[in-house]
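have a look; sequence and predicted model below, questions after that.
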Amino acid sequence: MALRKIVEQGEKCLTKVCRPVTEFNPRLHALLDDLAETLSEAGGAGLAAPQVGILRRVCIVMDEETEEYIELVNPEILFQKGEQTGPEGCLSLPGKWGLVTRPNQVRIRAQDRDGNWFEMEGEGLMARCFCHELEHLDGHLYTERIDRFLTEEEVEAYFEQEEVQ
Ligand code: NI
């Protein structure tokens, strides 16, 4: 395993549509392992391959319950329901937050590192994370969905409010 460099907004690789994975080989496994190590070091809820300069449809998302990374290869959204609005950040835009509206419930299907298809459902933060990471694979950042960045005070106020609920 190795740490990879997370690229920041402005790099072309963050604006490209990524290619599907067709070979479930040691190279893919190394990429998934590296994504996990890099995300664990950076601290965050998810990381997509284009964020480390690899234009393939691969990402990982933190499972809130088990605190393990879910590996998603060639993921697709099957259905989405409801709505939530909250602060969202991205490791490619360090220190920044924006208010983003996302579906509250999302069902996806994806392949695992060996090519087996599986389905999964996420609610709340997980649903937000699925949407955010899958958008990376089509070259989109959350900043396309916001009017402005949140101030530090606004972000803090949002998280405090959530703790109370
Ligand atoms: Ni991101």
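Looks like it arrived, so ask away.

tell me the contacts of Glu11?
Glu11 is in contact with Gly53, Ser92, counting by CB atoms under 8 Å, 6 or more residues apart in numbering. Yep, even glycine has a C-beta here, placed from its N, CA and C like the rest.

next one: Leu93 from Glu121, what distance?
Shown here: Leu93 relative to Glu121, a distance of 28 Å by CB to CB, to the nearest Å.

with neighbour numbers in mind, choose between these two.
Comparing Leu93 with Glu121 by other CB atoms under 10 Å, the one with more neighbours is Leu93, at 18 against 14.

helix/strand/coil for the spatially closest residue to that one that is not a sequence neighbour?
Residue nearest to Leu93 in three dimensions, not counting chain neighbours: Gln9, with 5.2 Å by CB to CB, 6 or more residues apart in numbering. In terms of secondary structure, Gln9 is coil; the call rests on DSSP: H, G, I helix; E, B strand; the rest coil.

what's the answer for Pro94, then?
Per three-state DSSP, the local secondary structure of Pro94 is coil.

that one against Glu8, yeah?
Yes. Checked against CB atoms under 8 Å, the pair Pro94 and Glu8 is within contact range at 7.1 Å.

in the protein, where is pLDDT below threshold?
Low-confidence segments of the chain, defined by pLDDT under 70: 164-165.

which strand runs longest in it?
In terms of residue count, the longest strand belonging to the chain (DSSP state E) is strand 69-81.

and after that strand, which helix or strand comes next?
Proceeding N to C from strand 69-81, the next assigned helix or strand is strand 84-88, under DSSP states H and E.

residues touching the closest residue to Thr15 other than its chain neighbours, list them.
Beyond its immediate neighbours in the sequence, the residue positioned closest to Thr15 (CB to CB, 6+ apart) is Gly139, lying 4.5 Å away. Under the criterion of CB under 8 Å, 6+ apart, the neighbours of Gly139 are Leu14, Thr15, Lys16, Val17, Cys18, Pro50.

shouldn't the last one be within a strand?
Same thing as Pro50. No. Membership of Pro50 in a strand is not supported by three-state DSSP, which gives helix.

for the spatially most central residue of the chain, give me phi and psi.
Among the residues of the chain, the smallest C-alpha distance to the mean C-alpha position (CA atoms, centre = their mean) belongs to Glu133, namely 2.7 Å. Glu133 has phi and psi values of phi -70, psi -40 when expressed as degrees, to the nearest 10.
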